[in-house]
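Colleague: missing the sequence, but the structure's below:
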C-alpha cells in the first residue's frame, strides 16, 4: 500500500548514540487529533514544517505527510491538544545498508525519555540492534508521541 510505514520502537540504554550520529535536528510537534484510529500532527523540523496524518496498528500504519508553511505550522501549534513536544532527533546509521536509527531525545519530558526507532522495508525485515538500544516498546501506547504531550 502506498504511504505505508513500518517501524519498531525501543528504549535507549545510554547516550553512546550521540557519538555514532551523523546528524541531528531540533523538532517541535503537536497534535490536532489523537483519536485511537488516527492522529493529525503538525511538526516544525529546523526550517521546514509538515502536516501528517497517521492511521493503523503498532508496527505498520498509513502515513500521509505534506510540507506546509512554517508560519502556518507555528499558528497550528498554538491550538494543539495538551501541549507541544520539543525533541532532538539524532540520526544513526544502522548496520544494514539503507537503514538508519532515529533517536528522539525528548527535551521537555519530565523523565528525560529517549526512544530509538527504525523504519523497515517489511514487517519481517531482520536488523541488528546497536548497543545503545534496549527494551522494545513497539505497540505500547505510553510511548506513542501523541500520548506523551507535555504542557
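Modeller: The structure has been received and is ready for your questions. Source: prediction; values computed, not measured.
Colleague: After the longest strand along the chain, which helix or strand is next? Please name it.
Modeller: For the chain, the strand reaching the highest residue count under DSSP state E is reported as strand 23-35. Reading on from strand 23-35 to the C-terminus, the next helix or strand found by DSSP states H and E is strand 38-45.
Colleague: Adjacent strands (with direction) for the helix or strand just after that next one?
Modeller: The helix or strand immediately downstream of strand 38-45 is strand 48-56, counting by DSSP H and E. Here strand 48-56 has these sheet partners by DSSP bridges: strand 38-45 (antiparallel), strand 60-68 (antiparallel).
Colleague: is it fair to say residue 76 lies in a strand?
Modeller: No. Using DSSP: H, G, I helix; E, B strand; the rest coil, the assignment for residue 76 is helix, not a strand.
Colleague: Okay, now the unreliable bits of the chain?
Modeller: Applying pLDDT under 70 to the chain flags the ranges 1-2, 57-59, 149-151.
Colleague: do that again at 80, thanks
Modeller: Residues of the chain that meet the criterion pLDDT under 80 lie in 1-4, 36, 56-61, 110, 148-151.
Colleague: So residue 115 sits against residue 143, correct?
Modeller: Yes. Contact criterion CB atoms under 8 Å: residue 115 and residue 143 qualify, at 6.2 Å. To be clear about C-beta, it is placed using only N, CA and C from the backbone, and glycine gets the same treatment.
Colleague: tell me, what's touching these two both at once?
Modeller: The contact sets of residue 115 and residue 143 overlap at 9, 137 (CB atoms under 8 Å, 6 or more residues apart in numbering).
Colleague: between those two, which one's more packed in?
Modeller: residue 115 (21 against 16; other CB atoms under 10 Å).
Colleague: The more buried one belongs to a helix?
Modeller: No. Under the criterion used here (three-state DSSP), residue 115 is strand, not part of a helix.
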